[in-house]
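A.B. asks: A predicted structure for the sequence below; I have some questions about it.
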Amino acid sequence: MNKLLIILGPTASGKSDLAIKIAKLFNGEIISADSRQVYKEMNIGTAKPSKGKIRYHLLDIIEPNKRFSAAQYKELACNAIKDIQNRNKLPILCGGTGLYISSIIEDWQFPEVPPQEKLREELEKESIEQLFKIYQKLDPEGAKSIDKKNKRRLIRAIEVCKANNKPFWQQRKSSKSSFDTLLIGIELPKKELKERIAKRIKKMINMGLETEIKTLKDKYGWIPSLQTIGYQEWKEYFNNKLNKKEVQDLIELHTIQYSKRQMTWFKKMKDVQWIEKPEQAIKLTELFLK
RNA sequence: GGGUGCGUCGCAUAGCGGCAAUUGCACGAGACUGUAAAUCUCGCGACCUUAGGUCUACGUAGGUUCGAGUCCUACCGCACCCA
């Protein structure tokens, strides 16, 4: 069996619940496609699914102060998918990180150049214009289409070129996924999504989000993985610049904005079956598995 | 009743005679191949097909000026002070 079911959608749209439901009905296991739920100790703020009967992969696989990447994700996720298929179960890829999902369904080959902190630090000092010039020299073709005002991206492009002595643009590859896929996207009316987001955030706070963050920042400081919606907002709170209500409002705002960015990515993806109700997903899955 | 200050594009903020008007936020659209819940771009008075042009706009009404968000007068609203 080579089937792979994918469930995507913006945050708080009910992806996990749907995935669990389908996993129960169709003998499946879930692979999280979420760039924050991979971290240990970040539970409440990432709305990490709690342990249940259904096996959930790629949660809690890394320490919060460690670096994680899309390339690592892709490898781990592919392995998990194949493993599940080999055991004759249905793998369900479920999450809101568009980049991670795309890397699997389009079988991206990331250039095999791990991040090089030193080089990055060096390049970080340069101006954007300067960086663009450097990149232009290394990869004139790529320079035509790169986002020339995005420092982070320029630095990575330069890093890859230097490491392999080949233009960055030629090192990015994608192809048709070898999996037989069904993509289901959840798209709720704006108003409903907003309500669900607000509700979820309230719940998080009631569940002790503040304590979770306090523990994390006391233990690790404001590490990069805390640069996450629902976490970063508390920095000002602990500095007494914001009160709790303001933090909550900010989280809500940022989450809504994030959900729009997610949709921008998803809408670009081909072959997504957009649904609003879980029953529709179940029907689609039935047909898919026939 | 007297005095002072302030009223600018959803909100905040700049502007001190050449302005469709600065900046931030919000909002809209979009990009994305090892940080992606990250990072970045563009748009944001209306109309005309782009270059560009036309109209309507800085509390209201007048005035001075080639030209007014900017100066003057009156009025309205808000804030503070003195009575």
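C.D. replies: Thanks, I have the structure now. Residues are numbered from 1 along each chain as shown, chains lettered A, B, ... in the order given.
A.B. asks: ok, the residue nearest the centre of chain A - contacts?
C.D. replies: Centroid-nearest residue in chain A: A:Thr97, 2.6 Å away (criterion: C-alpha atoms, centre = their mean). If a contact means C-beta atoms under 8 Å, 6 or more residues apart in numbering, then A:Thr97 has A:Ala33, A:Asp34, A:Ser35 as its contacts. In short, each C-beta sits where N, CA and C put it, glycine included.
A.B. asks: now A:Lys53
C.D. replies: Per C-beta under 8 Å, 6+ apart, neighbours of A:Lys53: A:Lys24.
A.B. asks: hang on, the earlier thing: and the residue nearest to the centre of chain A, what pLDDT?
C.D. replies: A:Thr97 is assigned 98 on the pLDDT scale.
A.B. asks: repeat for A:Asn150
C.D. replies: The model's pLDDT for A:Asn150 equals 95.
A.B. asks: quick one: it from A:Val247, how far?
C.D. replies: 29 Å (C-beta to C-beta, to the nearest Å).
A.B. asks: not counting sequence-adjacent ones, nearest residue to the residue nearest to the centre of chain A?
C.D. replies: Among residues not flanking A:Thr97 along the chain, A:Ser35 sits closest, at 4.5 Å (C-beta to C-beta, 6 or more residues apart in numbering).
A.B. asks: tell me how many other residues crowd that neighbour.
C.D. replies: Look at A:Ser35: counted by other C-beta atoms under 10 Å, it has 20 neighbours.
A.B. asks: could I get the contacting residues of it?
C.D. replies: With C-beta under 8 Å, 6+ apart, A:Ser35 has these contacts: A:Phe68, A:Ala70, A:Tyr73, A:Thr97, A:Leu99, A:Tyr100.
A.B. asks: repeat for A:Ser259
C.D. replies: A:Pro10, A:Thr11, A:Ala12, A:Ser13, A:Leu193, A:Ile197.
A.B. asks: so which of those reach RNA strand B?
C.D. replies: A:Thr11 (C-beta under 7 Å from any atom of the strand).
A.B. asks: for the contacts of A:Ser259, which one is nearest RNA strand B?
C.D. replies: Set against RNA strand B, the nearest of the contacts of A:Ser259 by C-beta to the nearest atom of the strand is A:Thr11 (6.4 Å).
A.B. asks: for the closest one, give its distance to A:Pro224.
C.D. replies: For A:Thr11, the distance to A:Pro224 - C-beta to C-beta - is 20 Å.
A.B. asks: swap in A:Tyr100?
C.D. replies: 17 Å.
A.B. asks: looking at these two, which one has more neighbours?
C.D. replies: A:Tyr100 (22 against 12).
A.B. asks: kindly report the residues of the stretch 51-200 of chain A close to RNA strand B.
C.D. replies: The stretch 51-200 of chain A comes close to RNA strand B at residues A:67-72, A:96-100, A:103, A:106, A:108-115, A:120, A:147, A:149-153, A:155-156, A:160, A:171-174, as judged by C-beta under 7 Å from any atom of the strand.
A.B. asks: pretty sure A:Lys51 belongs to a strand, no?
C.D. replies: No. Counting by DSSP: H, G, I helix; E, B strand; the rest coil, A:Lys51 falls outside a strand, being coil.
A.B. asks: tally of neighbours for it?
C.D. replies: 10.
A.B. asks: A:Pro114: neighbour count?
C.D. replies: A:Pro114 has 13 nearby residues by other C-beta under 10 Å.
A.B. asks: let me fix that: A:Glu286
C.D. replies: A:Glu286: 12 neighbours (other C-beta under 10 Å).
A.B. asks: report the buried residues of the helix or strand bottoming out on mean pLDDT in chain A.
C.D. replies: Sorting the helices and strands of chain A by mean pLDDT, DSSP states H and E puts helix A:140-145 at the bottom, at a mean of 90. Buried residues in helix A:140-145, defined by neighbour count with 16 or more other C-beta atoms under 10 Å: A:Gly142, A:Ala143.
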